[in-house]
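Enquirer: Requesting a structural model of the entry that follows:
(chains A and B)
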Amino acid sequence: GAGVSQSPSNKVTEKGKDVELRCDPISGHTALYWYRQSLGQGLEFLIYFQGNSAPDKSGLPSDRFSAERTGGSVSTLTIQRTQQEDSAVYLCASSLGPGTPGDEQFFGPGTRLTVL
Amino acid sequence: ILNVEQSPQSLHVQEGDSTNFTCSFPSSNFYALHWYRWETAKSPEALFVMTLNGDEKKKGRISATLNTKEGYSYLYIKGSQPEDSATYLCAFNTGTASKLTFGTGTRLQVTL
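Expert: Next comes the predicted model:
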């Protein structure tokens, strides 16, 4: 079956503009995660969705960042009024969810965001 | 330690060399330790998910061990090949379906 897909693969935007990043998880995976890697940094957790539960937003760096997951499947990460420090590779991952031993997370190819 | 630490930061070996990397993580509230290989412009690829103290896993020329009591894991590559060149990430989580906390990775370059 298909893996996790993300779009766009690359996005260049001007400072102050809003951007939307999309993630299509693996079918049947109930858990969905967003991470990002800024230049010279490790992968950093942003937000996590599990089924119909309230998302864990503890990793979002500011209120300019938001995400939603419609119908328990596709997720969109929105960054408003982008800043240069938002430039990073944004990765989405999905997993089967609670009760799965180890609960391996499968990653998409990422969206490289550049804010000029 | 509160974070995941990996060493070395980078490594350059010749084809045929064997090598190993270290990952240190908090030993409290441990659920699983994950190793990923990440090649440029590709998705991070899961290598191992390890949950039990003393676990040893192997996939081809790559193997990993886990010590949850002291909070470390080793990744070994036997007979390195140029296609092994990538960044190797380790991460841990504290429960099923929970966020991963990543180290900054070990960047491996294998030359002929």
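Enquirer: how long is stretch B:77-89 end to end?
Expert: 14 Å (CA to CA, to the nearest Å).
Enquirer: so B:Thr19 bridges to which residues?
Expert: Applying DSSP bridges to B:Thr19 gives these bridge partners: B:Ile77.
Enquirer: show me the contacts for it.
Expert: Counting by CB atoms under 8 Å, 6 or more residues apart in numbering or on different chains, B:Thr19 touches B:11, B:13, B:76-77, B:80, B:108. Where you see a C-beta, it was placed from the backbone N, CA and C, and this is true even at glycine.
Enquirer: now with 10 Å?
Expert: Remark: with contacts taken as CB atoms under 10 Å, 6 or more residues apart in numbering or on different chains, B:Thr19 is in contact with B:8, B:11-13, B:75-80, B:84, B:106, B:108, B:110.
Enquirer: From A:Ser94, how far out is the spatially most central residue of chain A?
Expert: When chain A is reduced to its mean C-alpha position, the nearest residue by CA atoms, centre = their mean turns out to be A:Trp34, at 2.9 Å. Note on A:Trp34: its distance to A:Ser94, by CB to CB, to the nearest Å, is 11 Å.
Enquirer: Next, show the common contact partners of the two.
Expert: Common neighbours of A:Trp34 and A:Ser94 (CB under 10 Å, 6+ apart) are A:23, A:49, A:75.
Enquirer: give the contact list for the first one.
Expert: A:Cys23 makes contact with A:4-7, A:32-34, A:67, A:69, A:73-77, A:90-94, A:108, A:110-111 under the criterion CB under 10 Å, 6+ apart.
Enquirer: That one: which element?
Expert: Assigned by DSSP states H and E, A:Cys23 belongs to strand A:19-24.
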